[in-house]
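Participant: Fold the following.
(one chain, ligands or ions: 1)
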Amino acid sequence: MTQIISVVGLGYVGLPLSVAAASSRFQVVGIDINRVRVETINKGISPLEDISDQKIHELIENKRLLTTTEFARIKDSEVIVICVPTPLTSDHKPDLSILESALKAIAPYLRKEMLVILESTVEPGTTRNIVAPLLAKGSGLKQNEFLVAFSPERIDPANKLWEVRNTPKLIAGLTDQACEKAIQFYSHFIDRLIKCDSLEIAETSKLLENSFRLINISFINEIAIFCQKLGIDINAVISAAATKPYGFMPFYPSIGVGGHCIPVDPLYLANKAREIGAPARFIDLADQINQEIPGYFVGRAEEKVGGLKAKRVLVVGVAYKPNVADVRESPAESLIVGLKQKGAQVFWHDELVQEWNGEKSSALSSNYDLAIIATPHDYLDLTKLGNVPILNTRGSI
Ligand SMILES: NC(=O)c1ccc[n+]([C@@H]2O[C@H](COP(=O)([O-])OP(=O)(O)OC[C@H]3O[C@@H](n4cnc5c(N)ncnc54)[C@H](O)[C@@H]3O)[C@@H](O)[C@H]2O)c1
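Facilitator: Numbers count the residues shown, from 1 in each chain. Sure thing, here's the model as predicted:
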């Protein structure tokens, strides 16, 4: 018999998960507070580059996927998966307000034996101390009458090799029964599931993975600055070091990390670390370096064209990484602010993003004094820049 499940939050995490589940044995109710997003999906249009319109259309047509803004549609589900954003507040502290509001909206429809799985990134203790109690309070059920699990998402948008099915997934439950039921659920559309002994292990693993990336990317960006000052090609250095068959993993230079995960999640860990008196200094330093990199490239741009006042500068690629349209936490924003502060007339080009901060993408042409390659999407044809000087943030000397 087809089982009904609900996915709350249909973004970069929730929509691919919904599609994977709906393509296996489940009928998926996708819930999002963004009416436009819901209507777009229901029209058979995919809002994400990794999922085709055809796939969405097929699932909607066959009634495998239904998206709605109404939380009441949860009521017939056996499993509810939460994939809402967990951002930072303006003073860089974890902001759980979106998660809490989703939990309050879900709770009235919770029934005995239902399984609620949190996929959003959180600090250790959140599933046990916030998610389960809020669900109990809002539903009137006792905590042992429903099931709660945590399974961090590892999706890497635009990655053609690792997608929902073949990316190993960590799972932990508030109880053994919750963990087993979550494993059973995911086993229908994910190849390898790894059981963690506690919710806190799974929560902290996700923070460790993303902190590891932030620290190493910030580190390679410092080494890139070092190499640039010495006139050494950083990418050649990385290629040489990467011939070592053990104990080295390559990371590559850029204008810094962006997106909803790498610049954000490590600060969840750092915040908890401060609270318990075990400061995570590497994370704090990596965060600081990451925020300084766009300013460093403003300085490089200034040097390259002999001052930026009234210069026409084109920033090429403003999404936070190649081949996606996501501009959240994109370091291109600080780069543009810094260039403007120096008096430059700044334009940007990104056909994937198209419109951003009330401005439209400008064409690639020879009509600029400088082009800065911030995010090198595959589609870019840099020959259109003609003789415009280029500053490449991906490792130019
Ligand atoms: N983007 C990634 O690559 C990635 C990877 C791994 C983990 N994560 C984690 O997954 C979580 C979700 O991230 P995302 O990138 O999918 O975010 P997203 O912004 O792409 O999508 C979140 C969706 O949730 C919806 N939403 C917001 N509040 C809601 C509410 N109260 N009820 C229902 N829907 C609501 C939004 O409208 C949006 O469509 C975060 O905790 C993030 O750290 C993200």
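
Participant: Need the nearest residue in space to the closest residue to the ligand within the stretch 201-350 of the chain, chain neighbours excluded.
Facilitator: The stretch 201-350 of the chain approaches the ligand most closely through residue 260 (4.2 Å), counting by Cβ to the nearest ligand atom. Every residue, glycine included, has its C-beta placed from N, CA and C. Spatial nearest neighbour of residue 260, excluding adjacent residues (Cβ to Cβ, 6 or more residues apart in numbering): residue 328 at 5.1 Å.

Participant: these two touch, right, the one you found and residue 320?
Facilitator: Yes - counting by Cβ atoms under 8 Å, residue 328 touches residue 320, with 6.6 Å between them.

Participant: who touches both of these two?
Facilitator: Here residue 328 and residue 320 have 258-259 as joint contacts, going by Cβ atoms under 8 Å, 6 or more residues apart in numbering.

Participant: Skip ahead from the helix or strand where residue 347 lies and say which helix or strand is next.
Facilitator: Residue 347 is located in strand 345-349, with elements delineated by DSSP states H and E. Where DSSP H and E defines the elements, the next helix or strand beyond strand 345-349 is strand 355-356.

Participant: thinking again about what came up before, could I get the phi/psi values of the residue nearest to residue 260?
Facilitator: Here is the backbone geometry of residue 328 (degrees, to the nearest 10): phi -60, psi 130.

Participant: Any idea how many residues pack against it?
Facilitator: Other residues lying near residue 328 total 16 when counted by other Cβ atoms under 10 Å.

Participant: For the ligand, see how far away residue 94 is.
Facilitator: 10 Å (Cβ to the nearest ligand atom, to the nearest Å).

Participant: now that residue, which residues is it bridged with?
Facilitator: Bridge pairing for residue 94 (DSSP bridges) gives the partners residue 88.

Participant: Next, the residue of the stretch 201-350 of the chain closest to the ligand: secondary structure please.
Facilitator: Put simply, residue 260 is coil when judged by DSSP: H, G, I helix; E, B strand; the rest coil.

Participant: just the strands in this structure please.
Facilitator: 3-8, 26-31, 65-68, 79-82, 115-118, 147-150, 169-173, 193-195, 312-316, 345-349, 355-356, 359-360, 370-373, 390-392 (DSSP state E).

Participant: Show me which residues of this structure sit near the ligand.
Facilitator: Taking Cβ under 6 Å from any ligand atom as the contact definition, the chain meets the ligand at 8-14, 31-34, 37, 83-86, 98, 101-102, 119-121, 153-155, 157, 260-261, 265.

Participant: Would you write a PyMOL line that selects the buried entries of the residues you listed?
Facilitator: Filtering those down to the buried ones (16 or more other Cβ atoms under 10 Å) takes a single PyMOL command:
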select buried, resi 8+9+10+11+12+13+14+31+32+33+37+83+84+85+86+102+119+120+121+153+154+155+157+260+261+265
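
Participant: Contacts for stretch 184-194, please.
Facilitator: Identification of contacts with stretch 184-194 by Cβ under 8 Å, 6+ apart yields 5, 20-21, 23-26, 79, 115, 117, 151, 164-171, 183.

Participant: please redo it, this time with the cut-off set to 6 Å
Facilitator: 20-21, 24-25, 79, 165-166, 168-171, 183 (Cβ atoms under 6 Å, 6 or more residues apart in numbering).

Participant: how about residue 16, what does it touch?
Facilitator: Residue 16 sits next to 155, 164 when contact means Cβ under 6 Å, 6+ apart.

Participant: Kindly state the domain boundaries assigned to the protein.
Facilitator: According to automatic domain parsing, the chain comprises the domains 3-197, 234-392.

Participant: Rebuild the ones you listed as TSV, extending it with mean pLDDT.
Facilitator: Compiled in TSV, the domains of the chain are given as follows (pLDDT from 0 to 100):
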stretch	mean pLDDT
domain 3-197	96
domain 234-392	96
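
Participant: Excluding chain neighbours, give the residue nearest to residue 289 in space.
Facilitator: residue 218 (4.1 Å).

Participant: Check residue 144 too.
Facilitator: Nearest non-adjacent residue to residue 144, counting by Cβ to Cβ, 6+ apart: residue 175, 7.6 Å away.

Participant: distance of the residue nearest to residue 304 when sequence neighbours are not counted from residue 91?
Facilitator: Excluding the flanking residues, the one nearest residue 304 by Cβ to Cβ, 6+ apart is residue 391, at 5.5 Å. With distances taken as Cβ to Cβ, to the nearest Å, residue 391 is found 33 Å from residue 91.

Participant: who has more neighbours, those two?
Facilitator: Neighbours were counted for residue 391 and for residue 91 using other Cβ under 10 Å; residue 391 has more, 19 against 6.

Participant: In the stretch 101-250 of the chain, what residue lies closest to the ligand?
Facilitator: residue 120 (3.2 Å).

Participant: Show the contacting residues for the closest residue in space to that residue that isn't next to it in sequence.
Facilitator: Nearest-residue entry for residue 120: residue 86, 4.6 Å, with adjacent residues in sequence omitted and distances by Cβ to Cβ, 6+ apart. Counting by Cβ under 6 Å, 6+ apart, residue 86 makes contact with 99, 120-122.

Participant: ok, now with 7 Å
Facilitator: Counting by Cβ atoms under 7 Å, 6 or more residues apart in numbering, residue 86 makes contact with 94, 96, 99, 120-122.

Participant: Among those residues, find me the one that's closest to residue 141.
Facilitator: Within the contacts of residue 86, proximity to residue 141 (Cβ to Cβ) peaks at residue 99, which comes in at 19.1 Å.

Participant: Test my guess that that closest one contacts residue 84.
Facilitator: Yes - between residue 99 and residue 84 there is a contact under Cβ atoms under 7 Å: 5.7 Å.

Participant: shared neighbours, those two?
Facilitator: Common contacts of residue 99 and residue 84, defined by Cβ under 7 Å, 6+ apart, comprise residue 120.

Participant: Can you show me the helices along the stretch 201-350 of the chain?
Facilitator: Secondary structure of the stretch 201-350 of the chain (DSSP state H, counting those that start in this stretch): helices at 234-241, 265-275, 281-305, 332-341.
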